[in-house]
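1. Provide a 3D model corresponding to the input given below.
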Amino acid sequence: MPQIYLCFVWHMHQPFYKDLISGEYHLPWTRMHALKDYYGMVKVLEDFPEVRQTFNLVPSMMVQIEEYASGKAADPFLRAALKPAEELTHDEQSFILQYFFHANIARMIYRYPRYGELFDYWRRSGCVPKHAMRFFQTAEFRDLQVLSQLAWFDEEDHERDAEIRGLAEKGHHFSPSDQALMGRKQIAALQRVLPTYREFAAKGQIEVSTTPFYHPILPLLCDSNIAEVAHPYVPLPQRFSYPDDAREQLMRARAFMEDNFGATPAGLWPSEGSVSDDALRLAAQSGFKWSASDNGVLARTIQRDGGPSNSYRPYRWSDGHDEIRMIFRDHHLSDLIGFVYSRMGPEEAASHFLTQIRNNCRDILAQGRHALVPIILDGENAWEYYERSGRPFLSELYKRIEQDPHMCAVTVSEAMRHVEPAPLDHIFPGSWINANFDVWIGAEEDNRSWDYLLRARRTYEQVIRDGGRGIPEEKLKLAHEELLIAEGSDWNWWYGPEHESANRPEFDRLYRAHVANVYRALGMEPPVELSRPILKTAAPEAHDAPTGPIRAIVDGEVSSYFEWLGAGLYVVDNRSGAMHGQRFVVKELRYGSDGSNLFIRLDFEQNMISAMQGAIVILQTAPDSDPAAVKTFNMQLDQGRRAEVNGCEFAFAKIFEARLPLATIGAGIRQPVRFHLSLWQDSLPIDAVPQQGWIDVSTTEPSDWGF
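-> Predicted coordinates:
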């Protein structure tokens, strides 16, 4: 009987945050994700023995976990969390306020009432440390120190570890001994991560694949000019071409994984699914048996549709001498897990996902062929957007897979034994993002970073050609190691216009430090250019509060410039964060009140207006005094239509407009109200404003505005 073979590949990766010269870890995210995602994503399989999966582990991430587990790693965030609250300096207090709310607001911060209360204090202060100090005394700082770490522990810890559960249940008024306990529990949690992978790999429930050691974009290391094949006429830096570096990143990853797991990995997820003929040739020569990319790359390779009929099977790439098997991720299904299902209930999301797969496979099975369905995505970043780190969703999904006699979840190597590959004599050069390399090269910031790297690489190369110039061997090795680190893809992820993070300046500083360390290790003064930021693009100001009353005509048109004059303006920042691929629909939100009504206006991205026909706008409101008293209003977008339901007006034409009486939404006169919006289409959430949290709006009467 034809079978559906589901191949989940969870990619576990963080940048290399350590400065090799200072020994300092500049950012905490490897530690934080190791507390829950790296461990919990594997551990959840214990309840589903028939579900087998592939986990892709990046060696440079594993090195960091090992150092944290041994107690050798130090980062300023952990030191600040563990320092007795009574002893915090003013600068340390400011640091804690600035960084200890960097967590998902709805799923992680408000999960703990006290953490949510502290966040509200921070928000009311305008997110300015000196203004927030009046809300924070020793007790508040200690509660923030503990809760900001507790929010990252795995669900299993909350359920099965009595001490962690005790801290969560206590919830506030933590003691110095509670703070110390939290620190000890972190070390214990970090120590179990890699042994858990070894345990599940040894019993065959998971396959462990890997990525080049420091996560470089292999095709660009081989020849940065390959980017122009994927994107003709893209502006390029000076040519970077060091295929031997690419080979070393592959071979070191393979050897590292063998040391840790007792066997060499068969599979390779090339960083960001980035492939080229040169990169695949190196992977095959390095001993890898299979690799993977995106079905967008497949479509450009075979010049046909990259949908299920073509992508639900393996391929055999060969240049006549070397060969390697390939699978191509279902971009749509993978992104549903990454960006959509977090807004749905576990049962609803699992049902939708498996129904999509069955529909996609129907014609393939009818032809008597097996279907290999590759689901490949980040194994860490999505889960902070899910209820309880996604464990209810994953449990429901895995349970349903085990119960389906026509479907099984297997490792990639297992699937390769069941499904016959099709031949490929070349691969189109590209990544999983738009089948090109634009995220990492082409923008002004990207190209400058490549030029800095090239100069450092040539400097090191000249020193080696000169016989080392008497520089000690350990210093030459350090310079080389810093070069390999700087070749990683993560630095350029944050350069250019595509992505945004509060930590972008830290990534910029760390990248320049790695490049500068090459010169320092060689006994040279780093170029002065490395002392200046590469970053030029700054995040736009996203939110202006209302400055006057609103009296809009609800007709879906911009009837007059003056009708929304004085409205609050929320401009959507459509750059992604650590995960790329979110679909943005809304361009701007305007809002305000006339003292009796709440007015809402949505402006859509120009290319999305017609696509919004039939979509549902869900507006949720709550009085500021009682955030739990949420009211929900559903409004369907029918272009050219105006409707009134229970006194609420809404209309959609070129824009969406709505008027909701304050009495209807449960807000009293002069009482601030909170709201947020989400858009749904075909029973799936497609956008939300704001992406996290609520927007506060005053409902004061017009006379109070001074008009």
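
2. Now the phi/psi pair for Asp294, please.
-> Phi and psi for Asp294, reported as degrees, to the nearest 10, are phi -110, psi 150.

3. if I read this right, it contacts Asn436, doesn't it?
-> No: counting by CB atoms under 8 Å, Asp294 stays clear of Asn436, with 11.0 Å between them. All C-beta spots, glycine's among them, are computed from the backbone N, C-alpha and C.

4. which of those two has more neighbours?
-> Taking neighbours as other CB atoms under 10 Å, Asp294 and Asn436 compare with Asp294 leading, 27 against 24.

5. Quick one: the helices in the stretch 151-300 of the chain, in order.
-> Secondary structure of the stretch 151-300 of the chain, counting by DSSP state H, counting those that start in this stretch: helices at 155-160, 162-170, 176-191, 193-202, 218-222, 227-230, 243-261, 277-285, 295-302.

6. ok, now the stretch 1-150 of the chain?
-> Here the stretch 1-150 of the chain has its helices, by DSSP H, counting those that start in this stretch, at 29-35, 37-43, 59-70, 76-82, 90-99, 113-124, 129-132, 138-150.

7. out of these, nearest to Ser241?
-> If you check each of the helices of the stretch 1-150 of the chain against Ser241 by CB to CB, helix 59-70 wins as the nearest, at 22.8 Å.

8. Buried residues, that closest one. List them.
-> 59-69 (16 or more other CB atoms under 10 Å).

9. Do you have the strands of the stretch 551-700 of the chain handy? List them.
-> Taking DSSP state E, counting those that start in this stretch as the test, the strands found in the stretch 551-700 of the chain are 568-571, 586-593, 597-604, 616-623, 631-636, 641-645, 648-652, 656-661, 673-681, 684-689, 695-697.

10. what's the first one packed up against?
-> The contact analysis (3 or more CB pairs under 8 Å, 6 or more residues apart in numbering; DSSP states H and E) places strand 568-571 against strand 543-544, strand 586-593, strand 695-697.

11. about what we covered before: make a markdown table from the helices of the stretch 1-150 of the chain and add distance to Glu444 to it.
-> Shown next, in a markdown table, are the helices of the stretch 1-150 of the chain (distance: least, CB to CB, whole Å):
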| stretch | distance to Glu444 |
| --- | --- |
| helix 29-35 | 26 |
| helix 37-43 | 34 |
| helix 59-70 | 27 |
| helix 76-82 | 30 |
| helix 90-99 | 28 |
| helix 113-124 | 34 |
| helix 129-132 | 32 |
| helix 138-150 | 36 |
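
12. The protein - how does it break down into domains?
-> Domain assignment for the chain, taken from automatic domain parsing, gives 444-531, 543-705.

13. need the next SSE after the helix or strand that contains Ser395, C-terminal direction.
-> Assigned by DSSP states H and E, Ser395 belongs to helix 391-403. Per DSSP H and E, helix 391-403 leads on to strand 407-409 as the next helix or strand towards the C-terminus.

14. Tell me the helices and strands packed up against the helix or strand just after that next one.
-> Using DSSP H and E, the helix or strand that follows strand 407-409 in sequence is helix 412-418. With contacts taken as 3+ CB pairs under 8 Å, 6+ apart, helix 412-418 sits against strand 4-12, strand 206-210, strand 290-294, strand 323-329, strand 371-378.

15. gap between the two ends of stretch 415-425?
-> In stretch 415-425, first residue to last residue: 22 Å (CA to CA, to the nearest Å).

16. Distance from that stretch to the middle of the chain?
-> 31 Å (CA atoms, centre = their mean, to the nearest Å).

17. how about TSV for the strands of the stretch 551-700 of the chain, with mean pLDDT added?
-> Shown next, in TSV, are the strands of the stretch 551-700 of the chain (pLDDT from 0 to 100):
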stretch	mean pLDDT
strand 568-571	89
strand 586-593	90
strand 597-604	90
strand 616-623	82
strand 631-636	85
strand 641-645	87
strand 648-652	90
strand 656-661	90
strand 673-681	82
strand 684-689	73
strand 695-697	85
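
18. among those strands, which is nearest Ile550?
-> Nearest of the strands of the stretch 551-700 of the chain (CB to CB): strand 586-593, 3.5 Å.

19. Note down every partner strand of the closest one and its orientation.
-> Note on strand 586-593: by DSSP bridges, its sheet partners are strand 568-571 (antiparallel), strand 597-604 (antiparallel).

20. Least reliable of the domains of the chain by average pLDDT, please.
-> Lowest mean pLDDT within those: domain 543-705, at a mean of 79.

21. Pick the one among the buried residues of helix 59-70 closest to His514.
-> Nearest to His514, judged by CB to CB, of those is Ser60 at 12.0 Å.

22. Tell me, what's the model's pLDDT at that closest one?
-> At Ser60, pLDDT is 97.

23. if I read this right, it contacts Pro216, doesn't it?
-> No: with contact defined as CB under 8 Å, Ser60 does not reach Pro216; the gap is 10.2 Å.

24. Now the common contact residues for the two.
-> Common neighbours of Ser60 and Pro216, using CB atoms under 8 Å, 6 or more residues apart in numbering, are Gly488.

25. picking up where we left off before, got the helices and strands packed on strand 568-571 as CSV, with distance to Asn360 columns?
-> What follows is the helices and strands packed on strand 568-571, written out as CSV (distance: least, CB to CB, whole Å):
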stretch, distance to Asn360
strand 543-544, 40
strand 586-593, 29
strand 695-697, 38
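
26. Would you mind finding the most buried of those?
-> Stretch with highest mean neighbour count among the helices and strands packed on strand 568-571: strand 586-593 (a mean of 22; mean count of other CB atoms under 10 Å).
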